[in-house]
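A.B. asks: Dropping the sequence and predicted coords here.
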Amino acid sequence: MSAANVFSGYQKFVVGVLAFLQFTIVLDFMLLSPLGALVMPALRISPSQFGLVVSVYAFSAGFSGICTAGFADRFDRKKLLMFLYCGFIIGTLLCGLASRYPLLLGARMITGLFAGVVGSVSFAIVTDLFPLQMRGRVMGIVQTSFSASSVLGIPFALFISNRWGWNAPFFMIVAVCLIVGVVIHAGLRPVDAHLKQHPDQSPLHHLLHTLSDRRYLQGFATTGLLSVGGFMLMPFVSAFNVNNVGVSLAQLPLIYLVTGLVSAVAGPLIGRASDAWGKFRVFAFGCALTIAMVLIYTHLGITPLWLLIAIMVIMNIGIFSRMISSSALISAIPAAADRGAYMSISSSLQQVAGGVASAIAGLIVVETSSGALLHFDTLGYILVATTLITLTMMYFINRTIEGARTAAALPIGTRTRADAVVGD
């Protein structure tokens with residue numbers, strides 16, 4: 001590996017602290033899904049109401065992403081990150097204090113307002129500090145926050161929720177967030193190189209410019225659609241495993257532990273493969289694996305625990321292959337001066353698409369008197385359809401990026417105006 005592709009000590013710190021930050025964001029987001037089997041009876045809410053609790057987080061995150069997009073490139077990204085992270089901590093604390101359904105709904109709304117933009121700012125920092133040829137590895141490490149939340153966070157959260165109540169894990173997240181915030185404040189250097197690109201001084205004009213760029217619109221549409229299928233399945237996975245597949249509540253932590261451990265190992269390897277073999281090739285592999293395993297998983301009946309774990313492990317590898325490779329590839333789309341706005345809008349559309357998907361899924365899935373879920377397989381068919389569409393869209397995005405990178409290597413006088421811009 002060339003010296004140019006080796007992480008410096010500070011880059012290793014940045015990757016580590018952003019991965020830790022994403023761990024807290026993802027854990028807070030993912031926590032309600034495995035807690036669904038506890039929250040619904042505790043608050044006496046229906047599947048459609050639970051789907052709304054999940055989706056309101058996404059809707060508020062989407063709203064805040066659009067509202068902040070015009071300002072996202074006008075500040076030091078570190079300062080913006082710290083402000084938003086503080087708001088996220090307050091929202092998570094309110095979730096822990098919620099004792100009734102309306103309070104939990106409002107708390108999730110507040111948390112989403114800050115959480116969605118925190119993620120977009122952290123990915124903008126990654127894009128600012130790491131060249132495209134290193135981003136697969138960076139995304140592979142940062143995205144292992146999903147695995148880490150499964151390995152470390154969710155099993156422990158389920159354990160303490162069974163012991164002290166479903167809201168106890170939110171207090172745990174707040175404690176971890178305070179530690180992360182202190183480390184970021186003390187160790188992360190200012191991230192303000194984009195300010196030298198003469199950012200647009202009009203927030204509205206900057207927002208409209210980012211929304212009207214044809215290259216950006218292609219990326220927005222793909223990112224949003226990638227979220228639809230996953231958001232449909234995610235809120236009901238634990239309830240499906242318990243009520244349809246026959247898993248006990250005591251066995252849920254083991255499922256998340258094993259699948260998370262495998263994903264934690266696979267994430268960095270997938271990132272390396274994306275940089276070495278091509279991000280689109282890894283994405284296509286992930287799409288094929290996801291389609292096969294989702295069709296199997298969503299049609300399961302009573303299943304032995306070992307077989308269920310094997311199916312979910314392979315399905316997670318497919319999902320992670322799509323997630324890591326697409327994040328790295330799409331990060332090449334925006335120009336440096338537009339990255340904050342692009343990431344905010346992209347996160348917003350992703351959250352809104354996911355929120356719509358969760359709400360629709362709550363209407364599709366029906367709970368029988370025994371607790372079993374009907375029409376869960378329909379959600380799987382929808383995920384398959386969206387996966388095939390995004391595979392086609394990513395093909396054209398990859399072709400555009402490769403063409404621009406090839407043109408960038410040509411003498412300046414031979415480039416077209418469009419070829420001269422590459423978000424690398």
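C.D. replies: Received, thanks.
A.B. asks: What residues of the helix ranked longest in the chain count as buried?
C.D. replies: If you go by DSSP state H, the chain has its longest helix at helix 9-43. Residues of helix 9-43 classed as buried: 14-15, 17-40, 43 (neighbour count, 16 or more other CB atoms under 10 Å). In this view, the C-beta of every residue, glycine as well, is placed from N, C-alpha and C.
A.B. asks: what sits against T223?
C.D. replies: Counting by CB atoms under 8 Å, 6 or more residues apart in numbering, T223 touches S326, I330, S346, L349, Q350.
A.B. asks: Do I have it right that the third one meets S120?
C.D. replies: Yes. Judged on CB atoms under 8 Å, S346 makes contact with S120 at a distance of 6.8 Å.
A.B. asks: Looking at those two, which one has more neighbours?
C.D. replies: S120 (29 against 25; other CB atoms under 10 Å).
A.B. asks: my read: the more buried one touches I66, true?
C.D. replies: No. Here S120 lies out of contact with I66, judged by CB under 8 Å, at a distance of 11.1 Å.
A.B. asks: what's the overlap in contacts for the two?
C.D. replies: What both S120 and I66 touch, as defined by CB under 8 Å, 6+ apart, is the set S344, S348.
A.B. asks: could you say what helices and strands the helix or strand harbouring S327 packs with?
C.D. replies: Applying DSSP states H and E as the criterion places S327 in helix 305-330. With contacts defined as 3 or more CB pairs under 8 Å, 6 or more residues apart in numbering; DSSP states H and E, the packing partners of helix 305-330 are helix 132-142, helix 145-148, helix 214-233, helix 252-277, helix 279-297, helix 376-408.
A.B. asks: ranking the ones you listed by mean pLDDT, which is last?
C.D. replies: The minimum mean pLDDT among the helices and strands packed on helix 305-330 belongs to helix 145-148 (a mean of 68).
A.B. asks: following it, which helix or strand shows up next?
C.D. replies: Helix 145-148 is succeeded, C-terminally, by helix 154-164 (DSSP H and E).
A.B. asks: low pLDDT regions in this structure?
C.D. replies: 1-5, 33-34, 37, 70, 72, 146-154, 194, 197-203, 229, 404-424 (pLDDT under 70).
A.B. asks: tally of neighbours for the residue lying closest to H375 once chain neighbours are set aside?
C.D. replies: Leaving aside its sequence neighbours, H375 sits nearest to I364 (CB to CB, 6 or more residues apart in numbering; 5.2 Å). Applying other CB under 10 Å, we find 19 residues neighbouring I364.
A.B. asks: same check, this time on the one 5 residues further on
C.D. replies: By other CB under 10 Å, the residues close to S369 number 5.
A.B. asks: in which helix or strand would I find it?
C.D. replies: With DSSP H and E as criterion, S369 is part of no helix or strand.
A.B. asks: for G62, same thing?
C.D. replies: helix 47-69.
A.B. asks: Output that helix as PDB, nothing but the C-alphas.
C.D. replies: Provided in PDB are the C-alpha atoms of helix 47-69 (Å, rounded to 0.1, in the frame of the first residue of the first chain):
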ATOM      1  CA  PRO A  47     -48.300  -1.600  15.300                       C
ATOM      2  CA  SER A  48     -49.400   1.400  13.400                       C
ATOM      3  CA  GLN A  49     -48.800   3.700  16.400                       C
ATOM      4  CA  PHE A  50     -45.400   2.100  16.900                       C
ATOM      5  CA  GLY A  51     -44.600   2.600  13.200                       C
ATOM      6  CA  LEU A  52     -45.400   6.300  13.700                       C
ATOM      7  CA  VAL A  53     -43.000   6.500  16.600                       C
ATOM      8  CA  VAL A  54     -40.300   5.200  14.300                       C
ATOM      9  CA  SER A  55     -41.300   7.400  11.400                       C
ATOM     10  CA  VAL A  56     -41.700  10.700  13.300                       C
ATOM     11  CA  TYR A  57     -38.000  10.500  14.100                       C
ATOM     12  CA  ALA A  58     -37.300  10.200  10.400                       C
ATOM     13  CA  PHE A  59     -39.700  12.900   9.400                       C
ATOM     14  CA  SER A  60     -38.200  15.400  11.800                       C
ATOM     15  CA  ALA A  61     -34.700  14.500  10.800                       C
ATOM     16  CA  GLY A  62     -35.700  15.100   7.200                       C
ATOM     17  CA  PHE A  63     -37.200  18.500   8.000                       C
ATOM     18  CA  SER A  64     -34.100  19.600   9.900                       C
ATOM     19  CA  GLY A  65     -31.800  18.500   7.100                       C
ATOM     20  CA  ILE A  66     -33.600  20.700   4.600                       C
ATOM     21  CA  CYS A  67     -33.700  23.600   7.000                       C
ATOM     22  CA  THR A  68     -30.000  23.500   7.800                       C
ATOM     23  CA  ALA A  69     -28.700  22.700   4.300                       C
END
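A.B. asks: Show me which residues of it are buried.
C.D. replies: 47, 50-66, 68-69.
A.B. asks: Also stretch 285-292?
C.D. replies: By 16+ other CB under 10 Å, the buried positions in stretch 285-292 come out as F285, G286, C287, L289, T290, I291.
A.B. asks: same check, this time on stretch 125-142
C.D. replies: 125-127, 129-130, 132, 134-142.
A.B. asks: Excluding sequence neighbours, find me the nearest residue to I291.
C.D. replies: V384 (5.1 Å).
A.B. asks: what's around that neighbour, how many residues?
C.D. replies: 18.
A.B. asks: ditto for A168
C.D. replies: Residues near A168, counting by other CB under 10 Å: 15.
A.B. asks: Same question for the residue lying closest to L18 once chain neighbours are set aside, what's its three-state structure.
C.D. replies: Nearest residue to L18, sequence neighbours excluded (CB to CB, 6+ apart): S122, at 5.0 Å. When classified by DSSP: H, G, I helix; E, B strand; the rest coil, S122 comes out as helix.
A.B. asks: Return the residues in contact with S122.
C.D. replies: Counting by CB under 8 Å, 6+ apart, S122 has contacts L18, L21, Q22, L81, V142.
A.B. asks: What distance do you get for L249 to N316?
C.D. replies: 21 Å (CB to CB, to the nearest Å).
A.B. asks: And T92, by the same measure?
C.D. replies: Distance from T92 to N316, by CB to CB: 25 Å.
A.B. asks: do G271 as well
C.D. replies: 15 Å.
A.B. asks: re the thing from before, between T92 and N316, which has more neighbouring residues?
C.D. replies: Neighbour count, other CB under 10 Å: between T92 and N316, T92 has more, with 28 against 23.
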